[in-house]
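Colleague: the following block contains a protein sequence and its predicted model.
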Amino acid sequence: MLRVVIVSAFLLWSCNPKAQDSSATDKLKVEFSLPKKLKEVSGMALSPDKKTIWTIEDQGNKNMVYGLNLQGDPTADVLVENAENHDWEDITADPQGNLYIGDFGNNDNDRRNLSILKIDLKNDSQKSTKVIQETKFYYEGQTEFPPKKSNLLYDCEAFVEMNGNFYLFTKNRSKGFDGTFLVFKVPNQEGDFEAKLIRRLKLKGGYSDAAITSAAINSTKNQIVLLNHKNIQVLTGFSPDDFSKTKIRTVSLNHNSQKESVAFFDDHTLMIADEKDKKTGGKVYRFNLK
């Protein structure tokens, strides 16, 4: 009889996806499930009042920015009128609340139309918006499109804005993945620029442990978080022009899914989202950095 009770309780628990995800770690907590239409969320940013979560999707999806409230309810579907979603891979905000979309997904390392789009989006009552600044760029050091399979270091899914510049953290797609990634700097201006290589860094572990899928920076600009499928990487010790003294602390999430979006809710709390597959994902989580 006792065995039947235990098995029944386990079956009830295993049918509850929130229970499964919440129990994966003491720190990563499910906030809500994403709306069904958002299967491939690739970036996330918070409005200045922290009442709206702005999200985007990547290649193959619409040129739309979606607003959600903190309970996960849709509040806005905003069309970006004068832009095409070549491969939108991250969205970030500056201290003034301006939003920027990173159209720099580059899986094959062969794109020549990389850009960052500043959009005129102020609140979730808007039905449409326009690009009001386009920062085009190309990578310092890339001379082949694509490079050799051992040097596929020019995909990007992660960036932040700091002190009037964008900082891009590349995703390593090289054969023989070793955790290496590049940090590039691009001015937050209209124009066409060479993205300046400011540091070559390295993470430990395999692809799920160390391939970078999103980035966020705290309000005091002294901590950058890089997201992986299994971990977050906390960067400290850098300055706007010098990443040579960067210290990297790896924090395991004890949870493996296709995590593609991270944003600071406050300086001690992260919001993390993963893409939906057949059985898992499609959720927004809260993670306490303390």
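Modeller: Received it, and whenever you're ready, just let me know what you need. In this text the structure is predicted, and so the values were computed from the model without any measurement.

Colleague: CA atoms for contacts and neighbours, from now on please.
Modeller: Fine.

Colleague: lowest-scoring secondary structure element of this structure by mean pLDDT?
Modeller: One helix or strand of the chain scores below all others by mean pLDDT, DSSP states H and E: helix 17-23, with a mean of 35.

Colleague: and S208, that one's in a helix?
Modeller: Yes - secondary structure assignment places S208 in a helix (DSSP: H, G, I helix; E, B strand; the rest coil).

Colleague: taking the centroid of this structure, which residue is nearest it?
Modeller: S214 (2.5 Å; Cα atoms, centre = their mean).

Colleague: from F177, how far off is that residue?
Modeller: As judged by Cα to Cα, to the nearest Å, S214 and F177 stand 18 Å apart.

Colleague: quick one on the thing from earlier: quick check: next helix or strand after the least confident helix or strand of the chain?
Modeller: Going down the chain from helix 17-23, the next helix or strand is strand 29-33, by DSSP states H and E.

Colleague: now the element after that next one, going C-ward?
Modeller: Downstream of strand 29-33 (by DSSP H and E), the next one is strand 41-46.

Colleague: pull the CA atoms of whichever helix or strand comes after that following strand into CSV?
Modeller: Counting by DSSP H and E, the next helix or strand C-terminal to strand 41-46 is strand 53-57. Listed next in CSV are the C-alpha coordinates belonging to strand 53-57 (Å, rounded to 0.1, in the frame of the first residue of the first chain):
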residue,chain,number,x,y,z
ILE,A,53,9.5,42.7,-20.3
TRP,A,54,10.4,43.3,-23.9
THR,A,55,11.2,40.2,-25.9
ILE,A,56,12.2,39.3,-29.5
GLU,A,57,12.6,36.2,-31.6
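
Colleague: tell me which helix or strand comes right after strand 53-57.
Modeller: On the C-terminal side of strand 53-57, the closest following helix or strand by DSSP H and E is strand 64-68.

Colleague: pull the CA atoms of that next one into CSV?
Modeller: Taking C-alpha atoms only, strand 64-68 is exported to CSV below (Å, rounded to 0.1, in the frame of the first residue of the first chain):
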residue,chain,number,x,y,z
MET,A,64,8.1,42.3,-33.9
VAL,A,65,8.9,43.2,-30.3
TYR,A,66,6.6,41.6,-27.8
GLY,A,67,5.7,43.1,-24.4
LEU,A,68,4.8,40.9,-21.4
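
Colleague: hmm, who's touching that strand?
Modeller: 52-57, 74-80, 124 (Cα atoms under 8 Å, 6 or more residues apart in numbering).

Colleague: give me the PyMOL select line for the residues you listed, limited to the buried ones.
Modeller: Buried residues among the contacts of strand 64-68 (16 or more other Cα atoms under 10 Å), as a PyMOL selection:
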select buried, resi 52+53+54+55+56+57+74+75+76+77+78+79+80+124
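
Colleague: nearest to G281 among the contacts of strand 64-68?
Modeller: Nearest to G281 among those is E57, at 14.6 Å by Cα to Cα.

Colleague: and the closest one, what are its bridge partners?
Modeller: With DSSP bridges as the criterion, E57 is bridged to V41.

Colleague: any idea which element the nearest residue to K62 once chain neighbours are set aside lies in?
Modeller: Closest residue in space to K62, ignoring its immediate chain neighbours: N85 at 6.4 Å, by Cα to Cα, 6 or more residues apart in numbering. Assigned by DSSP H and E, N85 belongs to neither a helix nor a strand.

Colleague: many thanks, have a good one.
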